[in-house]
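1. What follows is a predicted protein model with its sequence.
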Amino acid sequence: MADSSARLQLPRSRRITMGRDFMQVRNLGQRLAVGCLIANWLPLQGEKSHRVGVITGKKIGGAVQRNRARRLLRESFRQHQHELTQPVDLVLVARNSIVGKSFSEVEKDFLQALRRGGLLKQT
């Protein structure tokens, strides 16, 4: 059991933190809007690990709503990171409709975006 939980970790090294990396993904990558999120991704060459960044604007609400939106999007990525077909930098932008959604609803939109973008392995 410890082995499977170790595989699903999302350490800080797997997060996009630099503004230039966010801009590079948003400017050079592909974009797809589904439900409560916008997914931007850029395939990585020679990298072995995926990275994720989350953007939540002030239009979503106060700090509590924005932090919850970030947690939901990061958790969706964390649970499904090994199902991606190739290494990517993924920037997820929360939309206003994420407020009040449950994790399963956010996860459903996340998976639908990955499927439509061709990033999810066929099961």
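-> In hand now; what should we look at?
2. In this structure residue 58 contacts residue 69, no?
-> No. In this structure, residue 58 is not within contact of residue 69 by Cβ atoms under 8 Å, at 11.6 Å. For the C-beta atoms, the positions are set from N, CA and C on the backbone; glycine is no exception.
3. Mind checking which of those two has more residues around it?
-> Neighbours per residue (other Cβ atoms under 10 Å) separate residue 58 from residue 69, with residue 69 holding more: 27 against 9.
4. show me the contacts for the closest residue to the more buried one other than its chain neighbours.
-> Ranked by Cβ to Cβ, 6 or more residues apart in numbering and with sequence neighbours excluded, the top spatial neighbour of residue 69 is residue 94, at 4.1 Å. Counting by Cβ atoms under 8 Å, 6 or more residues apart in numbering, residue 94 touches 36, 37, 54, 55, 56, 57, 60, 66, 69, 70, 73.
5. can you check residue 109 too?
-> Residue 109 touches 34, 35, 36, 37, counting by Cβ under 8 Å, 6+ apart.
6. Next: residue 57.
-> By Cβ under 8 Å, 6+ apart, residue 57 lies in contact with 66, 93, 94.
7. so what's the backbone phi/psi at it?
-> Dihedral angles of residue 57 (phi, psi; degrees, to the nearest 10) stand at phi -80, psi 170.
8. distance of it from residue 106?
-> Distance of residue 57 to residue 106, computed by Cβ to Cβ, to the nearest Å: 16 Å.
9. so residue 98 makes contact with residue 34?
-> No. With contact taken as Cβ under 8 Å, residue 98 and residue 34 are classed as non-touching, separated by 11.7 Å.
10. Please compare these two by neighbour count and tell me which comes out ahead.
-> Higher neighbour count among residue 98 and residue 34: residue 98, with 24 against 18, using other Cβ under 10 Å.
11. Please report how far the nearest residue to the more buried one once chain neighbours are set aside lies from residue 105.
-> The spatially closest residue to residue 98, leaving aside those adjacent along the chain, is residue 36, at 3.9 Å (Cβ to Cβ, 6+ apart). Relative to residue 105, residue 36 is positioned 7 Å away (Cβ to Cβ).
12. Could you check how many residues crowd around residue 97?
-> Residues near residue 97, counting by other Cβ under 10 Å: 13.
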